[in-house]
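Visitor: kindly generate the corresponding structure for this input.
(chains A and B)
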Number of protein chains: 2
Amino acid sequence: MPEKMNLATKFGLFADHWHPRIIGEVNGHQVKLAKLLGPFDWHQHPAEDEFFLVIAGRLRLQFRDGQVVLEPGECIVVPHGVEHRPIADDETHVLLFEPASTLNTGSERTARTREHLERI
Amino acid sequence: MPEKMNLATKFGLFADHWHPRIIGEVNGHQVKLAKLLGPFDWHQHPAEDEFFLVIAGRLRLQFRDGQVVLEPGECIVVPHGVEHRPIADDETHVLLFEPASTLNTGSERTARTREHLERI
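Guide: Numbers count the residues shown, from 1 in each chain, chains lettered A, B, ... in the order given. Just a heads-up that it's a prediction; the model follows:
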């Protein structure tokens, strides 16, 4: 029998920012949780669309042509190839749904790239 | 610039039960919302894993070897091939991630099958 997961419990298992954890796998896609704080880097994912759902806090997503601000219960799909920069002015918790191949820093490998994500 | 979506607003756009709506597409997978009430049919999806996140209400998922009860903020992945039967004793709102090929009644076509889901 599959086991259920409580998002609050899962978020309690880690504290660091910009380091997504995998909580589930769906046919080659992954459900991830991440804690965000501060500005991230501009990036784009050459082949991967990304779904963000804000669970707590407030996520500013900058695009080259404007900004979207997401509150809890709000979500967005960022299509592949679209440059974006996530910024969390206060700690923000998000749920992500994206292909397993998705690198957190997109097409660039930087000091903030997380190559191997843990399953929690 | 991609547009954000508010889950409460999207759930306000439809009232019928067991009739998922698509709110986003992520590389051949879909993000869907559904309102559930009462018992659904036993089914399994031969090739598609399914992620459920309860947004409001309470979802009972029966399996052949037991039952999982999900409250808001709780989620589960039902792997392909695993028979399950969703039951909502009161109206329940769920968010689903699954491959675009997923039929709501799984491997069987019944009177409750929804062949073509609307995008809202």
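Visitor: what segments of chain A are helices?
Guide: Remark: helices assigned in chain A by DSSP state H are A:7-11.
Visitor: could you check the pLDDT of the residue nearest to residue A:28 when sequence neighbours are not counted?
Guide: Ranked by CB to CB, 6 or more residues apart in numbering or on different chains and with sequence neighbours excluded, the top spatial neighbour of residue A:28 is residue A:100, at 5.5 Å. Where C-beta positions appear, they are placed from N, C-alpha and C, glycine not excepted. Confidence at residue A:100, expressed as pLDDT, is 90.
Visitor: so who does residue A:25 touch?
Guide: Going by CB atoms under 8 Å, 6 or more residues apart in numbering or on different chains, residue A:25 touches A:31, A:100, B:49, B:77.
Visitor: please apply the same query to residue A:101.
Guide: Counted by CB under 8 Å, 6+ apart, residue A:101 has contacts A:47, A:48.
Visitor: ok, residue A:68 next?
Guide: Here residue A:68 is in contact with A:60, A:61, A:76, B:1, B:2, B:3, B:4 (criterion: CB under 8 Å, 6+ apart).
Visitor: just the ones of those residues in strands?
Guide: A:60, A:61, A:76 (DSSP state E).
Visitor: would you turn those residues into TSV with pLDDT?
Guide: TSV is the format used below for these (pLDDT from 0 to 100):
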residue	pLDDT
A:60	98
A:61	98
A:76	98
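Visitor: considering only those, which also neighbour chain B?
Guide: Intersecting those with the contacts of chain B gives A:61, A:76 (criterion: CB under 8 Å from any CB of the partner chain).
Visitor: filter the ones in strands among the contacts of residue A:68 down to the buried ones and hand me the PyMOL line.
Guide: Listed next is the PyMOL selection for buried residues among the ones in strands among the contacts of residue A:68, using 16 or more other CB atoms under 10 Å in any protein chain shown:
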select buried, chain A and resi 60+61+76
